[in-house]
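Q: below: sequence and its predicted model.
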Amino acid sequence: MTPETVMPDEAIARRLPTPPPFPAFQTPGTPEEVSEHSRVHRELNYAIAVGFRRLSMDIWLPRNPDGGPVPVVVWIHGGAFQLGDRRELPPTFQPDSVFRLLNEAGIACATVDYRHALEAPFPAQLHDIKAAVRYLRHHAELLGIDPECIGAWGESAGGHLAALLGLTGGRADLEGGLGAPGHSSAVSAVVDFYGVSSLTRMPPMEATTSFMSGALLAAVPDGVSLEPGPMLVGNSHDPALLDAASPLAYVTADAPPFLLIHGDSDGLVPLTQSELLADALAVAGVEQELVTIEGGDHCFFFAEDQLDRILATAVSFFTKELTQP
């Protein structure tokens, strides 16, 4: 067809540029200077998905005199898969302490949000965390981080997810399709604070509802279990579904080194949960250490005088695993 015979509508269509596709994640901009140790990228959307809220992370970068790439640790908050926020640390921790301590050690920290249990059932939460790791690798050069030196650190539900992340780096069936594609979600070291390792071996958690007001529970649909495990897997007590959402099911000899820290008086997640995972890792030949905190309840309540040592132990573990040759 010659130019003279092109129909008007066709000619207009040829002249109009094609609009760019809607982005699946956001590119980092300029970090905010917050202290002598830290610069922070706030509210970065690491995954944008149709039908869901945008998933965000904050990236705390250490001031780095030599200018080379630094390791990064993904911090995963707790909250029984029902509550919590990437900016919130446990009530026993000083605000921003985890992020600040990592930065002081020369390690970046990406603190991430993920979907809660009533927003989407498992494995959505694992898909989200994996997307966060892929995002960090995708933008590693821009952020000044080392894509080969990524760790995961979580507490309670976040410890559960950190363990799953560490144990499923090679599982394509659990990768999900959110955010930046084409990168590995594997991590090189895991710190798990009082996380669940086997949902089928958890005792009833009535205590989780003791602090919940009617306003907190108002949006929970009738008939939905308030037990974190069943709620996580779509309001089901099916052992197969619960096992499939449990770190214990994914232990292999390929797992990265693990540090587990758990109070011996934990009234929500028994110490036996970390013992189960430590034992399974040891049987598989994986480097692991379980540190028991005497008198420590969940969130290390009643062991606050040991908290500085606990956090220093975790940061030292990452320094050893992520920065030393």
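A: Done, it's in.

Q: contact partners for the closest residue to Ala124 other than its chain neighbours?
A: Nearest in space to Ala124, with sequence neighbours left out and distances taken as Cβ to Cβ, 6 or more residues apart in numbering, is Arg115 at 5.0 Å. Where you see a C-beta, it was placed from the backbone N, CA and C, and this is true even at glycine. By Cβ atoms under 8 Å, 6 or more residues apart in numbering, the residues touching Arg115 are Phe52, Leu55, Ala124, Gln125, Asp128.

Q: what's the distance between Arg115 and Gly154?
A: 15 Å (Cβ to Cβ, to the nearest Å).

Q: where in the stretch 1-150 of the chain is pLDDT low?
A: 1-14, 65 (pLDDT under 70).

Q: the helices in the stretch 1-150 of the chain, which residues?
A: Using DSSP state H, counting those that start in this stretch, the helices of the stretch 1-150 of the chain run over residues 8-15, 97-104, 124-138, 140-143.

Q: buried ones in the shortest one, by neighbour count?
A: With burial defined by 16 or more other Cβ atoms under 10 Å, the residues of helix 140-143 counted as buried are Ala140, Leu143.

Q: adjust the sequence numbering to begin at 23 for everything that follows.
A: Got it, the first residue is 23 from now on, which makes the last one we talked about helix 162-165.

Q: how far off centre is that helix?
A: 20 Å (Cα atoms, centre = their mean, to the nearest Å).

Q: send me it as CSV with only the CA atoms.
A: C-alpha atoms of helix 162-165 as CSV (Å, rounded to 0.1, in the frame of the first residue of the first chain):
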residue,chain,number,x,y,z
ALA,A,162,22.4,-3.4,42.8
GLU,A,163,24.8,-1.2,40.8
LEU,A,164,22.5,1.9,41.2
LEU,A,165,22.2,1.2,45.0
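
Q: one step back: from Phe103, how far off is the residue nearest to Ala146?
A: 9 Å.

Q: who touches both of the two?
A: Gln147.

Q: what about stretch 118-136, start to end distance?
A: 19 Å (Cα to Cα, to the nearest Å).

Q: repeat that for stretch 210-224.
A: 28 Å.

Q: same question, stretch 157-166
A: By Cα to Cα, one end of stretch 157-166 lies 13 Å from the other end.

Q: buried ones in stretch 340-347?
A: Phe340, Glu343, Leu344.

Q: looking at these, which is nearest Leu298?
A: Glu343 (22.4 Å; Cβ to Cβ).
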